[in-house]
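Engineer: sequence and predicted model, in that order:
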Amino acid sequence: MVRRVVSGDRNAEDELYARYFRGVLRFLRSELGRLGVYAPELAEDLAQDTFVTVLGQLRNPKRRLADSTKLNGYIIGIARNLARAWRRKRNRQQTEPDLQRIARVRARHGDPVRQAERGELATLVRNVLKELPVERDREILRRLYLVEEDKSQICEDLAIEEVHFNRVVYRARKRLRELIESARVVQRDDSAPGGYS
């Protein structure tokens, strides 16, 4: 069948589609479900894209499948890559509003990171970061926000897959926020008569 697809046989393309489409669709629904996305139409779109990509690659001498007995894994690998690409695109879209807010703050007040490094705020932030119990949280937040290192470099140094980076940063920021909030509660309690609010 692979040889026939490579030679441009349309019947072989139909055979390929009929034999593998349902399995690819099930796989993509499961893959998206792991991401908390339950969108049958998205899974179908990605499944269609999978077969467009498979047919294109089977006909490309540089990308062609060498061992036709591994066709199933080859197709699933392409489907997985398309799902990951969709997830990366979605993550970029979700972080865009944050980036726009940061740009507005910088336009009004200058670069807050540079100001923080020059002033007392940097010292306070570093002190609070030291209180975080998880060393990886401290390292990520320091390098990302204070040093402004490239995300891919941080991922490489800390052995984090780039697809998980936003989730790791989100959790680190959440723990930092909780630490700051608990410090505020203690401070309020200490300022009340007898130490009670």
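Structural biologist: That came in fine, so what should we check first?
Engineer: name the helix or strand of this protein that has the lowest mean pLDDT.
Structural biologist: helix 112-118 (a mean of 55; mean pLDDT, DSSP states H and E).
Engineer: center of this protein - which residue?
Structural biologist: V163 (3.5 Å; C-alpha atoms, centre = their mean).
Engineer: wait, F21 sits on A47?
Structural biologist: Yes - counting by C-beta atoms under 8 Å, F21 touches A47, with 6.3 Å between them. Where you see a C-beta, it was placed from the backbone N, CA and C, and this is true even at glycine.
Engineer: of these two, who's got more company?
Structural biologist: Using other C-beta atoms under 10 Å, the more surrounded residue of F21 and A47 is A47, with 22 against 16.
Engineer: helix or strand: which one has that one?
Structural biologist: Assessed by DSSP states H and E, A47 sits inside helix 40-59.
Engineer: number of nearby residues for K151?
Structural biologist: Around K151 there are 15 residues (other C-beta under 10 Å).
Engineer: with adjacent residues omitted, what lies nearest to it?
Structural biologist: Counting by C-beta to C-beta, 6 or more residues apart in numbering, K151 lies nearest to F165, which is 5.9 Å off, once chain neighbours are set aside.
Engineer: buried residues in stretch 140-158?
Structural biologist: Applying a neighbour-count criterion of 16 or more other C-beta atoms under 10 Å, one finds 140-145, 154-155 buried in stretch 140-158.
Engineer: how long is that stretch end to end?
Structural biologist: End-to-end distance of stretch 140-158 (C-alpha to C-alpha, to the nearest Å): 9 Å.
Engineer: who's in contact with E15?
Structural biologist: Contacts for E15 (C-beta atoms under 8 Å, 6 or more residues apart in numbering) come out as M1.
Engineer: separation between it and V169?
Structural biologist: Look at E15 and V169: by C-beta to C-beta, to the nearest Å, they are 46 Å apart.
Engineer: can I see the domain layout of the chain?
Structural biologist: What automatic domain parsing lists as the domains of the chain is 2-89, 111-195.
Engineer: contact partners of the helix or strand containing E139?
Structural biologist: Element membership for E139, per DSSP H and E: helix 135-141. Residues from elsewhere that reach helix 135-141, judged by C-beta under 8 Å, 6+ apart: 129-130, 132, 154, 158, 168-169, 171-173, 175-176.
Engineer: list the buried residues in that helix.
Structural biologist: 137-141.
Engineer: ok, back up a step: among the contacts of helix 135-141, name the ones in helices.
Structural biologist: 129-130, 154, 158, 168-169, 171-173, 175-176 (DSSP state H).
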